[in-house]
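coords please:
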Amino acid sequence: MNWNPLVLTFELALATTLLLLLIGLPLAYWLAHTRSRIKPVVETLVSMPLVLPPTVLGFYFLIAFSPGNSFGAWLDQWLGLQLVFSFEGLVLASLIYSLPFMVHPLQAGFSGLPPSLREAAFVLGKSKLQTLLKVQLPNIRTSLLTGIVLAFAHTVGEFGVVLMIGGNIPGETRVASIAIYEEVEAMNYGMANFYSIILFVITFCILLTVYVVNGNYLNRFWK
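Predicted coordinates for the structure are as follows:
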């Protein structure tokens, strides 16, 4: 059994989720509290991966980051980054493609908090950062957990974007979804089933955990 595609898949999902947490938190906080006129534009850009075909995003990533393009050549020459057909390129593409799955739950959580909560923290002398870390985040922990799990699970299931930008390089960009497709094309249904059942069980358990935690089903059961 070749475990490399599964290992690479979860490495990609973990790296993407951690980076999305760092990016999504301030972005969701801003969207929840800003009155800027560009807010609808930003919300639209964040949400576009939900409706755009993955191959559209993958195609434009491929064109933008290709060494034959001026931007891709600049990244290669000045920063030493070759994002096409590389793990780093998969991470960057996954960040864009899974962004709404992190931002939307966090934005809903921040928007659902009463304004008096922030105001009381400011009156007590807390800074914006202290208010975020010690007051707001503990009160949106279910939204935070939902965003983390959805971003992770969505990255695990990516296919079109990672195929376009990463190709199918064993040990580098051949994630489980691509391995399944390749094994089916080769009529090797045993290996395709092996990868599929592993992904099915893991994602089912992850999502079940979210519903259990958010629904407080354990507390109800023990009562």
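
pLDDT below threshold where in this structure?
By pLDDT under 70, the low-scoring segments of the chain are 215-223.

cutoff 50 now
Scanning the chain with the threshold set as pLDDT under 50 gives 217-223.

neighbours around residue 50, how many?
Counted with other Cβ atoms under 10 Å, the neighbours of residue 50 add up to 11. Just so you know, the C-beta spots here come from the backbone N, C-alpha and C atoms, and that holds for glycine as well.

quick one, longest helix in this structure?
Longest among the helix segments of the chain by residue count, using DSSP state H, is helix 4-33.

And residue 81, how far from residue 92?
From residue 81 over to residue 92 the distance is 9 Å, taken as Cβ to Cβ, to the nearest Å.

again, but for residue 117
From residue 117 over to residue 92 (counting by Cβ to Cβ), the distance is 35 Å.

So which of the two has more stuff around it?
Of the pair residue 117 and residue 92, residue 92 is the one with more neighbours under other Cβ under 10 Å, namely 18 against 13.

Spit out the contact partners of the residue nearest to the more buried one when sequence neighbours are not counted.
What sits nearest to residue 92 in space, not counting adjacent residues and going by Cβ to Cβ, 6 or more residues apart in numbering, is residue 83, at 6.1 Å. Residues near residue 83 by Cβ atoms under 8 Å, 6 or more residues apart in numbering: 61, 65, 72, 75, 89, 92, 165.

Mind checking what secondary structure residue 83 has?
Counting by DSSP: H, G, I helix; E, B strand; the rest coil, the backbone at residue 83 sits in coil.

This structure: strands as residue ranges?
For the chain, applying DSSP state E gives no strands.

in it, which spans are helices?
Assigned helices in the chain, in chain order: 4-33, 39-47, 54-65, 70-74, 87-112, 115-123, 128-131, 137-139, 141-156, 160-166, 176-185, 189-215, 217-222 (criterion: DSSP H).

So what's the residue count around the spatially closest residue to residue 66 that is not a sequence neighbour?
Excluding the flanking residues, the one nearest residue 66 by Cβ to Cβ, 6+ apart is residue 72, at 4.7 Å. Using other Cβ under 10 Å, residue 72 has 19 neighbouring residues.

Nothing else from me, thank you.
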